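**Q** here is my input; please provide its structure:
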Amino acid sequence: MRKVKENDLVMTYLELVNIIKKVFKGLEDVNSDDMEKNNYNNSFKNILIKMFDPPAYIVKILMIYMLKLKYFRSSGKVSWYTYFKFRNYYFRIRDYKFGTWTLEGLVEPSEFITGTNKNSEIYKTALILKKRIQKASKFYDKIFMSNILVNIRNNKIENYYLNSSYNKLLAIYEFFKHDLDESIANYENFLEENKDHPVKLDRMKEEDIEIEVLGTKQNLKTWKMSIAIEGFTYHEKVISNYALALMSIFFSLLEFILDSFYLFCNRTEPYLDFKKQNWYEKYKIVFPIITNKTHKRFYDKLGQIKKKYRNPLIHGLTKDSNLLIPIPDSGLVPISYEYLTDNVAFRFYEISYEESKEIRELFNTFLDFLKKEEPYKYYILYFKFEFPIPINKTEIEEIKSKMTSYEDFEQELLDRVRYEEMIRNRDF
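**A** You can find the predicted model right below:
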């Protein structure tokens, strides 16, 4: 299939219809009135039920809008259906709640006494039809996505939404935060238990005492020191690993926060143009770092963490600071000796115990700040309910107009949840 061009959408649509018709070769339209009589007589029986690949809305587009089959509107759990003939069998295809769809066949009662007869010819034909629908859907989806992206990227439409990923990202953040909290607590317990150990305080006088370990005589103090070093090393390494994991997901969450908060701001440029900017520019647009010292402090500290830890690790530790050069009698060394202590590529612990605690505290303080500060606490509350975030400014302003008090806005969102749940379940 040739590449979609911006000025070629109509031709592409016509080409797509022809492709889909070829995929459904052998599928015929039928006298829908006669089929309706059979439907009322309960002559159509379920063959393939509650399928979700592709989703029901795609199946509707293929059958109703592409193949021009007659559209029947229904009520209750089924909102639409249509009829057709394929390989000498009559079928009824319909949607069901939660985006699924079902394929029914016109059969004699003797063919379906209990459930679906998987050895019957109509069942085998239905499986072929299912594969045809999946194949046609992939063609349609490819063209649909290309056309929509062309218009979105050219800022020709604003009637689209940002999927709310806040809860998903926050759950991952909380998962690694719990692990980091636990590893720090374990290390602190270990430090308390070994506070008089020679690794920390050289109070032991055991240089002359020998013990036998696995059949080998060892100096008691040396043996204790090696065990302690192993313990300190293990705990610090675990803390470092969890801190890195927490850092990665935090900045992913922050990326979502910046992009979504921008939609609620007084926008000065199209959303997709904003998305192209780097993290630092986004932050300065969304948060008033010039006039607000708290925002400036968060900006500076988060920027330092991002530059020192997150960026090098995300990009595979392949920046200039990781280059090595040969020095006579010294071997390969970094291009700056300061990198031996400052660069995560050369440090034994990428992030130390003390640094991990500071980073954890900063992340938690920042997220707590957003949950309590206006207007951000309203945005966070909206994200928690997982409603899609409109790109359209008019819709955003309508949402913002309801942010009169936290309690009232929360109730507004709860009412919306109940209403949309009713719609999804088709309880009307």
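**Q** low-confidence regions, the stretch 51-200 of the chain specifically.
**A** 75, 108-117, 195-200 (pLDDT under 70).
**Q** just the helices in the stretch 301-428 of the chain please.
**A** With DSSP state H, counting those that start in this stretch, the ranges of helices along the stretch 301-428 of the chain come out as 311-314, 339-342, 353-372, 376-384, 393-400, 406-425.
**Q** which stretch among those comes nearest residue 303?
**A** Set against residue 303 and scored by C-beta to C-beta, those come closest in helix 311-314, at 10.3 Å. All C-beta atoms are positioned from the backbone trio N, CA, C, and that covers glycine.
**Q** which parts of the stretch 101-250 of the chain are helices?
**A** In the stretch 101-250 of the chain, the segments counted as helices under DSSP H, counting those that start in this stretch are 121-153, 166-193, 220-264.
**Q** average pLDDT across the next helix or strand along the chain from the last one?
**A** Heading C-terminal from helix 220-264, the first helix or strand you meet, by DSSP states H and E, is helix 271-275. Throughout helix 271-275, pLDDT has a mean value of 90.
**Q** and helix 271-275, which residues are buried?
**A** The neighbour-count criterion (16 or more other C-beta atoms under 10 Å) identifies 271, 274 as the buried residues of helix 271-275.
**Q** which SSE is immediately downstream of it?
**A** helix 279-286.
**Q** which residues touch that following helix?
**A** Outside helix 279-286, the residues that touch it by C-beta atoms under 8 Å, 6 or more residues apart in numbering are 251, 254-255, 258-259, 261-262, 265, 268, 274, 277, 289, 299, 302-303, 306.
**Q** now swap in stretch 13-25 and tell me
**A** Residues contacting stretch 13-25 (C-beta under 8 Å, 6+ apart): 1, 62, 66-67, 132, 135-136, 139-140, 143.
**Q** re the thing from before, can you redo the helices of the stretch 301-428 of the chain as a markdown table with mean neighbour count, mean pLDDT and distance to residue 77?
**A** As requested, the helices of the stretch 301-428 of the chain are arranged in a markdown table below (neighbours: other C-beta atoms under 10 Å; pLDDT from 0 to 100; distance: least, C-beta to C-beta, whole Å):
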| stretch | mean neighbour count | mean pLDDT | distance to residue 77 |
| --- | --- | --- | --- |
| helix 311-314 | 16 | 63 | 46 |
| helix 339-342 | 13 | 55 | 62 |
| helix 353-372 | 16 | 95 | 39 |
| helix 376-384 | 19 | 96 | 29 |
| helix 393-400 | 14 | 94 | 29 |
| helix 406-425 | 12 | 89 | 8 |
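**Q** looking at those helices, spot the one closest to residue 180.
**A** Nearest of the helices of the stretch 301-428 of the chain (C-beta to C-beta): helix 353-372, 6.0 Å.
**Q** measure residue 410 to residue 292 for me?
**A** 26 Å (C-beta to C-beta, to the nearest Å).
**Q** if we can go back for a sec, make a markdown table out of the helices of the stretch 301-428 of the chain and add distance to residue 22.
**A** Shown next, in a markdown table, are those (distance: least, C-beta to C-beta, whole Å):
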| stretch | distance to residue 22 |
| --- | --- |
| helix 311-314 | 45 |
| helix 339-342 | 61 |
| helix 353-372 | 53 |
| helix 376-384 | 44 |
| helix 393-400 | 40 |
| helix 406-425 | 35 |
